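Novice: Mind folding the following:
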Amino acid sequence: LLLLSGACKEVAPGDDGTPPDDDSPSPATRLQPSGLVYQGAFRLPPGSNSCDWSWSGEALAYYPGGDPGGPDDGCPGSLFGTGHNWLQWLSEITIPAPVVSPARNLSDLRSASTLQPFADIRAGLFDWPLEIPRAGLAYLPPQGGQAGQGSGKLYFAWAQHMGETESRPSHGWAGLDLDHPGSAGLWRVGEYWNYVSGDYLLEIPAVWADRHAGGKRLGSGRFRDGGQGAQGPSLLALAPWQAGSPPGAGATLPAQSLRLYDSVTRDDPGIMNGYHHSDEWSGAAWLEAGSKTAVIFAGTKGRGQCWYGFANGVVWPDGPPYPPYPPPPNDVRGWWSSSFEAVFLFYDPADLAEVAAGRQKPSWPQPYAELRVDDRLFGGYTATRKGRLGAAAWDAQRRRLYVIEPLVDDEKSIVHVWKVGE
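Specialist: So this is what the prediction gives:
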C-alpha cells in the first residue's frame, strides 16, 4: 500500500484556485486502498469450440443475472471474458467462491465452469485484420429503448496495436446469447484516436452519469505504451443508445472526455504523475461502496529509469549503427523500466466531474493513491516482467472486483477477487 507523495502528490479540486463543484463528493468520500479486502482467486475452465483460456485476459465483464441455478455460495452472477489472444472469442463462466492460498498453490483454488462456450460475436463486423488486437467488454442493464427483461447488452470494443492517428469504428454491442448475439456496430468514438479508446470498458454509475455526463453510462479508454495516444490511462464517456437502437454502422458517437492526458507529440504536455512510457493499464472499474467511491485502473507500473530498447538495459539508438538483438529473455525490443509492479491506481470521481463541467483540462486529474498487489499474485515475477495484470470487472451490488492475472496456470489466466467494504 502506498499513498502517493512527492512526484505523485495528492491533488484535490480547487488546489489551482478553481472552485470545485459544490455538488461533487469531497476528498473525505474517496475510497482508500485499505478499503479493498482480498478474497482470494479461482481458476478458469477448459477450453471449448477450438478456443481456450491460455494467453487470455484482454476483456472481462460481470453479468449479475448469470448462473441463476448456481450454488448458494455468496458468488452469484457470471463473467464474460475473451479467450486466447489469437482469437479473442467470448465465453461465459460461473464464479466459484475464491480461495486465499498463502503459499499461492494453484491446487488450492476452485475452478469455474463453462456456461456458454467460446463464440465469435464480431460476426464479420471488422473488415480489416486486427494486428495485436486490444479488447474491452462491459455489461450494462437496459438503457434507453432497450426495455424488457434480459435486454441488457454486452458492450465491446476492439482496436489494433498499431495505427497512429486512426479513428476507425471500434465499438458495438451484443446480446447475451453468444450463439445468437445480434451484434451491432461498429461505431466511432467521437473524433478520438483508437489509441485512447478501444480497450477497457466500464459502467459509470447512473446518478453520476446523469448529473455530470448527460446520461453517458459507458466508459471507454485505453493506454498505448510510448505515450503515442496519451501519457497515462484515458477515460471517455459514451451512450450508444442515445444515437439509435442501434446506431447505424459507422456512426460517430458523441463522447465526453473525463480524463485524457496529452500525447508525447505535444509541446509541454499534461501527463500522469510518475508516468513511464513502459506502463501498462489493462483494466478499469468505477467502484462505489456506500459513500466511498473511486475509479481504479489495474496494470503494470514502471519504476526507476525508463528507456526504449531491451530489458537488459541496452538503449536502442535513434540511428545506425544499431546494436545486435541480445539472446532471450532480453530480446524483445520496446519500452522498459528498471523494475515493474502490479498496481491499482485510484482516481477521484469528483476530479472527473470538474473536467466534465469544463472547469479543468482533461489532463488535470491525477491519481490520489495506489495499491500494490504483487504480494497476491501467483506468477513469481522477475523485476523486469511486464503483463502482470489483465482486464477487470466490477460487481456493483456485492462490491466485488475481479482482476485477471494472465499466464500462470499452464499459460491460462486466473481471476483474483477483492471486496470493497462500506
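Novice: Where does the prediction get shaky in this protein?
Specialist: 1-28, 128, 147-150, 422 (pLDDT under 70).
Novice: which one's the longest strand in it?
Specialist: Ordering each strand of the chain by length in residues (DSSP state E) puts strand 292-309 first.
Novice: Counting by contacts, list what that strand packs against.
Specialist: Applying 3 or more C-beta pairs under 8 Å, 6 or more residues apart in numbering; DSSP states H and E, one finds that strand 292-309 contacts strand 280-289, strand 334-347, helix 349-356. Quick note: C-beta positions are derived from backbone N, CA and C, even for glycine.
Novice: and it, which residues are buried?
Specialist: Buried residues in strand 292-309, defined by neighbour count with 16 or more other C-beta atoms under 10 Å: 292-302, 307-309.
Novice: what's the closest of the helices and strands packed on strand 292-309 to residue 319?
Specialist: Shortest distance between residue 319 and those, using C-beta to C-beta, is found for strand 334-347: 18.5 Å.
Novice: Pull out the buried positions in that closest one.
Specialist: Here strand 334-347 shows 335-337, 340-347 as buried, counting by 16+ other C-beta under 10 Å.
Novice: nearest to residue 38, of these?
Specialist: Comparing these against residue 38 with C-beta to C-beta places residue 344 closest, at 11.7 Å.
Novice: can you tell me how far the residue nearest the centre of the chain sits from residue 61?
Specialist: By C-alpha atoms, centre = their mean, the mean C-alpha position of the chain lies nearest to residue 283, the distance being 2.1 Å. Counting by C-beta to C-beta, to the nearest Å, the gap from residue 283 to residue 61 is 11 Å.
Novice: hang on, the earlier thing: let's have the helices and strands packed on strand 292-309 in a markdown table, adding distance to residue 171.
Specialist: Listed next are the helices and strands packed on strand 292-309 as a markdown table, based on distance: least, C-beta to C-beta, whole Å:
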| stretch | distance to residue 171 |
| --- | --- |
| strand 280-289 | 15 |
| strand 334-347 | 22 |
| helix 349-356 | 20 |
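Novice: closest to residue 132 out of these?
Specialist: Among the helices and strands packed on strand 292-309, if distance is taken as C-beta to C-beta, the winner is strand 334-347, at 11.8 Å.
Novice: partner strands of the closest one, parallel or antiparallel?
Specialist: Here strand 334-347 is paired, per DSSP bridges, with strand 292-309 (antiparallel), strand 369-372 (antiparallel).
Novice: re the thing from before, which residues are common contacts for residue 283 and residue 61?
Specialist: Taking C-beta atoms under 8 Å, 6 or more residues apart in numbering as the contact rule, residue 283 and residue 61 both touch residue 393.
Novice: For the closest residue in space to residue 143 that isn't next to it in sequence, grab phi and psi.
Specialist: In this structure, residue 143 finds its nearest non-sequential neighbour in residue 241, 4.4 Å apart by C-beta to C-beta, 6 or more residues apart in numbering. Backbone torsions of residue 241, given as degrees, to the nearest 10, read phi -60, psi -20.
Novice: who are the neighbours in contact with residue 241?
Specialist: Taking C-beta under 8 Å, 6+ apart as the test, what residue 241 contacts is 143-146.
Novice: run the last query once more with 10 Å
Specialist: By C-beta atoms under 10 Å, 6 or more residues apart in numbering, the contact set of residue 241 is 140, 142-146, 153, 173, 215-218, 247.
Novice: same question, residue 381
Specialist: Counting by C-beta under 10 Å, 6+ apart, residue 381 makes contact with 300, 339-342, 374, 387-388, 408.
Novice: From residue 300, how far out is it?
Specialist: 9 Å.
Novice: And residue 50, by the same measure?
Specialist: Separation of residue 50 from residue 300 (C-beta to C-beta): 30 Å.
Novice: So which bits of stretch 190-208 are buried?
Specialist: 192-204, 208.
Novice: What is the neighbour count of residue 322?
Specialist: 9 (other C-beta atoms under 10 Å).
Novice: is the closest residue to residue 178 other than its chain neighbours in a bridge, and if so with what?
Specialist: Once flanking residues are discounted, residue 178 sits nearest to residue 119: 4.0 Å by C-beta to C-beta, 6+ apart. Counting by DSSP bridges, residue 119 is bridged to residue 90.
Novice: who's in contact with residue 119?
Specialist: Neighbour list for residue 119: 48-49, 51, 89-92, 174, 177-181 [criterion: C-beta under 10 Å, 6+ apart].
Novice: does residue 172 really touch residue 153, like I thought?
Specialist: Yes: counting by C-beta atoms under 10 Å, residue 172 does reach residue 153; the two are 9.4 Å apart.
Novice: Residues in contact with both of these two, list them for me.
Specialist: Any residue near both residue 172 and residue 153 by C-beta under 10 Å, 6+ apart counts here, and that gives 181, 183-184, 240, 246.
Novice: Can you tell me the closest non-neighbouring residue to residue 152?
Specialist: Of all residues not flanking residue 152 in the chain, residue 141 sits nearest, at 4.5 Å (C-beta to C-beta, 6+ apart).
Novice: so what's the one you found up against?
Specialist: By C-beta under 10 Å, 6+ apart, the contact set of residue 141 is 64-65, 151-153, 203, 206, 217.
Novice: Could I have the buried ones of the residues you listed as PyMOL selection syntax?
Specialist: The buried residues among these can be selected in PyMOL (16+ other C-beta under 10 Å) with this line:
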select buried, resi 152+153+203+217
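Novice: Just give me the closest of the contacts of residue 141 to residue 160.
Specialist: residue 153 (23.6 Å).
Novice: how about CSV for the buried residues of stretch 190-208, with secondary structure and distance to residue 353 added?
Specialist: CSV is the format used below for the buried residues of stretch 190-208 (DSSP: H, G, I helix; E, B strand; the rest coil; distance: C-beta to C-beta, whole Å):
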residue, secondary structure, distance to residue 353
192, coil, 20
193, coil, 24
194, helix, 26
195, helix, 25
196, helix, 20
197, coil, 20
198, coil, 24
199, coil, 23
200, coil, 20
201, strand, 20
202, strand, 16
203, strand, 17
204, coil, 11
208, helix, 8
